[in-house]
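[1] here is a sequence together with a model predicted from it:
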Amino acid sequence: MSAVDEVNAPSLTIVIPTWNGWELLKDCLHSLAAQTCGDFSTVVVDDGSTDDTPARLEETFPHVHCIVSPVNRGFAPTANLGLAAAASDWVFLLNNDVTLDPMCIEKLMAKAQEGRYSMICPLVLCADDPTRIYSAGDTLSRSGRPESLGYKMPLAEYEAAREPFGVSGGYGLFRKTLLDEVGLLDESFVAYFEDSDLCFRARWAGHAAAIVPEARAYHIGSASIAGRTWWRTRKCYQNHALLVWKNYSLALLLRNFVPICGERIHQGKRLFQVARHEWGALRATGVVFAAWWGLMLRCPGALRARHRILGQRRIHNDAMQALLDESTSQ
């Protein structure tokens, strides 16, 4: 990089939420220390860990700034503490169970300098089998279901994808002015689909997303939810509805009514099945009802947010439908 390029290079903050994951976090931070591009600051946000993460950080990685939440609040509120603290041009939101190829940050920031995109992601490979893809960007189908592009696809079969709908909050580079404009992660989601909600808001505001296939990352995947399958399933059931309520205009709801209803049925069945496997049919029925009731309590806030989001949109319904159609076909 020339001296002129260094002066004009955008600044970067890497934000890593963590909860009782010191061994994972340590590997993640070591991969950051090995980056060919060292022009970034790192913020770890500890979500009430009980494994002495803050003290270990101070001893092992003294250059890393640590923000400590006294209680466990979940991914979205924890990530927001780091996002709000960043004063850089760009923020890279990174899971603690992700490691980066040494040139990953350099290649991501080269794409950032092009100026066209506000959301950028690397090509993420499975940590236990790097010959397979974990994510090549995020899609959002007509049904409102977020998915990872290329999941488990052999890397040898991968061809550069079209522009993804959005990027994951586990390994997503965001322009700070985008976050200032559309807001941070919606903390009512707690975890799951909160990044898709952010990307949906960004798309309504006219921002674009990109993947950089040459930038590589490695993801273990779901390392922090061992034994909590029912909890994850409940959050997905609730947050899918919140995602749709907040971001689908009336025209989009009417055009995509059948796939949305199909996904709601799928989410409900999945929650019942997981809870029944855990506790039996009777308690599973109670779990589904409690999840539905919790969703109803959050409905007024979601509808108020919907009014704000759709009132500030910069693209038309047809343009958004085209994005959903393209995302569904990928």
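    Perfect, thanks for sending it.
[2] ok now the helix ranked longest in the chain, how far from the chain's centre?
    Longest helix in the chain by number of residues (criterion: DSSP state H): helix 281-311. Put simply, helix 281-311 sits 21 Å off its chain's centre (CA atoms, centre = their mean, to the nearest Å).
[3] how about stretch 323-330?
    Counting by CA atoms, centre = their mean, stretch 323-330 comes out at 19 Å from the chain centroid.
[4] what lies in contact with that stretch?
    Contact with stretch 323-330 is made by 139-142, 149, 161-162, 164-165, 203, 252, 256, as judged by CB atoms under 8 Å, 6 or more residues apart in numbering. Using the backbone N, CA and C atoms, a C-beta is placed for each residue, glycine as well.
[5] equivalent analysis for stretch 275-290, please.
    Contacts of stretch 275-290 (CB under 8 Å, 6+ apart): 229-230, 233-234, 268, 271-273.
[6] pull the CA atoms of the helix or strand hosting residue 109 into PDB?
    Per DSSP states H and E: residue 109 is located in helix 104-112. Output of helix 104-112 as PDB, limited to C-alpha atoms (Å, rounded to 0.1, in the frame of the first residue of the first chain):
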ATOM      1  CA  CYS A 104      -8.700 -11.500   5.200                       C
ATOM      2  CA  ILE A 105      -8.900  -8.000   6.600                       C
ATOM      3  CA  GLU A 106      -6.700  -6.600   3.900                       C
ATOM      4  CA  LYS A 107      -8.900  -7.900   1.200                       C
ATOM      5  CA  LEU A 108     -12.100  -6.900   2.900                       C
ATOM      6  CA  MET A 109     -10.900  -3.300   3.300                       C
ATOM      7  CA  ALA A 110      -9.700  -3.200  -0.300                       C
ATOM      8  CA  LYS A 111     -13.300  -3.800  -1.300                       C
ATOM      9  CA  ALA A 112     -14.500  -1.200   1.300                       C
END
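[7] determine the set of other helices and strands touching it.
    strand 12-18, strand 90-94, strand 119-126, strand 171-175, strand 209-219 (3 or more CB pairs under 8 Å, 6 or more residues apart in numbering; DSSP states H and E).
[8] of those strands, which is nearest residue 156?
    strand 119-126 (11.9 Å; CB to CB).
[9] what pairs with that closest one, parallel or antiparallel?
    Strand 119-126 has its sheet partners listed here by DSSP bridges as strand 129-135 (antiparallel), strand 171-175 (antiparallel), strand 209-219 (parallel).
[10] which of these sits most buried?
    Comparing the strands paired with strand 119-126 by mean neighbour count (mean count of other CB atoms under 10 Å), strand 171-175 comes out on top with a mean of 25.
[11] what's in contact with the following helix or strand past that strand?
    Counting by DSSP H and E, the next helix or strand C-terminal to strand 171-175 is helix 176-182. For helix 176-182, contacts defined as CB under 8 Å, 6+ apart pick out 83, 86, 88-91, 118-119, 198, 201-202, 204-205, 207.
[12] max pairwise distance over the residues you listed: which two?
    Greatest spacing in those, by CB to CB: 88 and 204 (24.5 Å).
[13] what about these two, which has more around it?
    Set residue 88 next to residue 204 and count neighbours by other CB atoms under 10 Å: residue 204 wins out with 20 against 14.
[14] in terms of contact, does the more buried one touch residue 312 like I think?
    Yes: look at residue 204 against residue 312 with CB atoms under 8 Å: they come within range, at 7.5 Å.
[15] any idea how far residue 209 lies from residue 169?
    Remark: distance between residue 209 and residue 169 (CB to CB, to the nearest Å) = 13 Å.
[16] typo on my end, residue 129
    23 Å.
[17] any weak-confidence spans in the stretch 151-300 of the chain?
    161, 222-228 (pLDDT under 70).
[18] how about 80 then?
    160-162, 221-228 (pLDDT under 80).
[19] and for the stretch 1-150 of the chain?
    Using pLDDT under 80, the flagged stretches of the stretch 1-150 of the chain are 1-10.
[20] what kind of secondary structure is residue 150 in?
    Residue 150 carries the three-state label coil when classified by DSSP: H, G, I helix; E, B strand; the rest coil.
[21] just confirm it contacts residue 136, I think it does.
    Yes: taking CB under 8 Å as the definition, residue 150 is a contact partner of residue 136 at 3.8 Å.
[22] ok, how many other residues are close to residue 177?
    12.
[23] what does residue 66 give?
    18.
[24] how close does it sit to residue 47?
    For residue 66 relative to residue 47 (CB to CB), the value is 12 Å.
[25] swap in residue 246?
    If you go by CB to CB, the gap between residue 246 and residue 47 works out to 24 Å.
[26] can you tell me who residue 132 pairs with across the strands?
    Going by DSSP bridges, residue 132 forms beta bridges with residue 154.
[27] and it, how far from residue 53?
    30 Å.
[28] so what's residue 30 closest to, chain neighbours aside?
    residue 99 (7.8 Å; CB to CB, 6 or more residues apart in numbering).
[29] any idea which element the one you found lies in?
    Counting by DSSP H and E, residue 99 is found in strand 98-100.
[30] kindly report the same for residue 71.
    Applying DSSP H and E, one finds residue 71 in no helix or strand.
[31] contacting residues for it?
    residue 48.
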